[in-house]
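[1] Dropping the sequence and predicted coords here.
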Amino acid sequence: MNYTNVLIVEDEAVIAADVRLMVEDLGFTALGIASSGEEGLRKAEALRPDLVLMDIKIKGDMDCLVKPLEPSELENILLGSAESLSM
């Protein structure tokens, strides 16, 4: 599958904007940015992205550790965290 349309779910505006630039610099289309898990799910259902880049810990009552998305909701999800990286 060719992943060209990406939805970004990130609650820190500066990081979300940086991720959007990286996604677009790589030739992908950033469909939008959601700042909470709930908003991310709504946008994913409406926009049907090929790939969702989602912050693991995000503001709101729902993050990907509380409510994992079902395969029927989204096919492809990439999760990541910078907290485990040592500098």
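    That came in fine, so what should we check first?
[2] I'd like the average pLDDT over the longest helix along the chain.
    For the chain, the helix that runs over the most residues, judged by DSSP state H, is helix 13-25. In this model, helix 13-25 has a mean pLDDT of 93.
[3] Repeat that for stretch 32-45.
    90.
[4] Okay, buried residues for that stretch please.
    By neighbour count on 16 or more other Cβ atoms under 10 Å, the buried set for stretch 32-45 is 32-41, 43-44. Quick note: C-beta positions are derived from backbone N, CA and C, even for glycine.
[5] Tell me which residues touch the nearest residue to residue 60 once chain neighbours are set aside, please.
    Spatial nearest neighbour of residue 60, chain neighbours left out: residue 36 (3.6 Å); criterion: Cβ to Cβ, 6 or more residues apart in numbering. For residue 36, the contact set (Cβ atoms under 8 Å, 6 or more residues apart in numbering) comprises 9, 11, 58-60, 62.
[6] Of those - the most surrounded one?
    residue 9 (26 neighbours; other Cβ atoms under 10 Å).
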